[in-house]
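[1] Take this sequence and fold it.
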Amino acid sequence: MGQSYRDLIAWQKGIELVATVYRVTQLFPKEELYGLTAQLRRAAVSIPSDIAEGQGRKSKPEFRHFLHNAAGSLMEVETQLTIAAVLGYLGQEKEAETLTQTNELGRIINGLILSLAD
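    Presented below is the predicted three-dimensional model:
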């Protein structure tokens, strides 16, 4: 665990997802600014934040705990993207692209969790 959180592919992909979420939510209706837009952005930001915090804890059990939190936030993002698509705020193509990104990140986080098993 000597590497920096910035070296972790999961963290890097998390940052990429945050950028994607910010870009797609810019197109949401202005009345959603304090609703779905804010909630989706907050959930996305928490993914790389939890990965970084967990890596910084320097113990495998704590790191795993924060990775599980990141995985939970990722599920929130996926759910909120689906809600946005159902409401017509997000086109099918953009939803599919973003969910492909979340699926990849989910696999990476799960792999990292498994690599930390005792």
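
[2] Report how many residues lie close to I9.
    Residues lying near I9 (other Cβ atoms under 10 Å) number 13. Just so you know, the C-beta spots here come from the backbone N, C-alpha and C atoms, and that holds for glycine as well.

[3] what helices or strands is the strand or helix carrying L114 leaning on?
    Following DSSP states H and E, one finds L114 within helix 92-115. The contact analysis (3 or more Cβ pairs under 8 Å, 6 or more residues apart in numbering; DSSP states H and E) places helix 92-115 against helix 9-25, helix 60-86.

[4] So what touches it?
    8-10, 13-14, 16-17, 20-21, 24, 47, 51, 64, 67-68, 70-71, 74, 77-78, 81-82, 84-85, 90 (Cβ atoms under 8 Å, 6 or more residues apart in numbering).

[5] switch to 7 Å and redo it
    In this structure, residues lying in contact with helix 92-115 by Cβ atoms under 7 Å, 6 or more residues apart in numbering are 9-10, 13-14, 17, 20, 24, 64, 67-68, 70-71, 74, 77-78, 81, 85.
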